[in-house]
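Asks: Can you look at this prediction? I've put the sequence above it.
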Amino acid sequence: MECLSCLSLRGERSISPGPIVYEGTYWMVDHAYPTIHLGWLVILPRRHVEALHELSREEFLELAEIQYRLAQTMHLDSYVQKEYLMCFAESKGFSHVHIHMVPKPADLPDEHKGPRIFERLKADEEHPIIPADELTAFCDEFTRKLSAIK
């Protein structure tokens with residue numbers, strides 16, 4: 001199966017209907033989609049890499065800076081209690097390394113805490129997918145806030 005992350009990075013098949021949140025030298029940040037969890041960000045290396053040990057020192061240094069800035073920006077919102085950070089790169093079509101950075105609100109239901117947060121990538125009638133216009137507005141505002149974090 002073709003790498004869905006690479007397709008998105010090349011602009012051939014976007015993962016999210018929202019705008020890119022951040023573009024660096026080695027990494028970019030996009031909003032996960034579909035999801036019921038607004039603010040679920042995905043950090044992607046700009047080149048195809050399937051394991052963390054394949055990253056260069058320079059890529060790791062930029063990744064650390066991005067993670068710091070994303071965490072600080074997420075925490076500007078009072079509803080964010082902490083941030084989750086995960087990397088598996090095991091799903092079909094997504095073996096390309098990608099790091100999930102997810103704001104954890106104080107009122108997150110117990111059944112979605114910890115690794116069970118991935119349930120929020122699934123949508124159903126009770127939990128509809130975030131509308132594209134709402135996701136776009138969030139990404140635009142988050143990008144504005146992120147640019148102020150140094």
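Replies: Received the coordinates, thanks.

Asks: any idea of the mean pLDDT for stretch 73-91?
Replies: In this model, stretch 73-91 has a mean pLDDT of 93.

Asks: and that stretch, which residues are buried?
Replies: Of the residues in stretch 73-91, 73, 74, 80, 83, 84 count as buried by neighbour count, 16 or more other C-beta atoms under 10 Å. C-beta: built from backbone N, CA, C; applies to glycine.

Asks: among those, which are in strands?
Replies: Judged by DSSP state E, the subset of those located in strands is 80, 83, 84.

Asks: Poorly predicted segments of this protein, please.
Replies: For the chain, the stretches with pLDDT under 70 are 1, 125.

Asks: For it, which segments count as helices?
Replies: Here the chain has its helices, by DSSP state H, at 4-9, 57-74, 132-147.

Asks: Now those helices in JSON lines, please, with extra columns for distance to residue 50.
Replies: Shown next, in JSON lines, are these (distance: least, C-beta to C-beta, whole Å):
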{"stretch": "helix 4-9", "distance to residue 50": "10"}
{"stretch": "helix 57-74", "distance to residue 50": "14"}
{"stretch": "helix 132-147", "distance to residue 50": "27"}
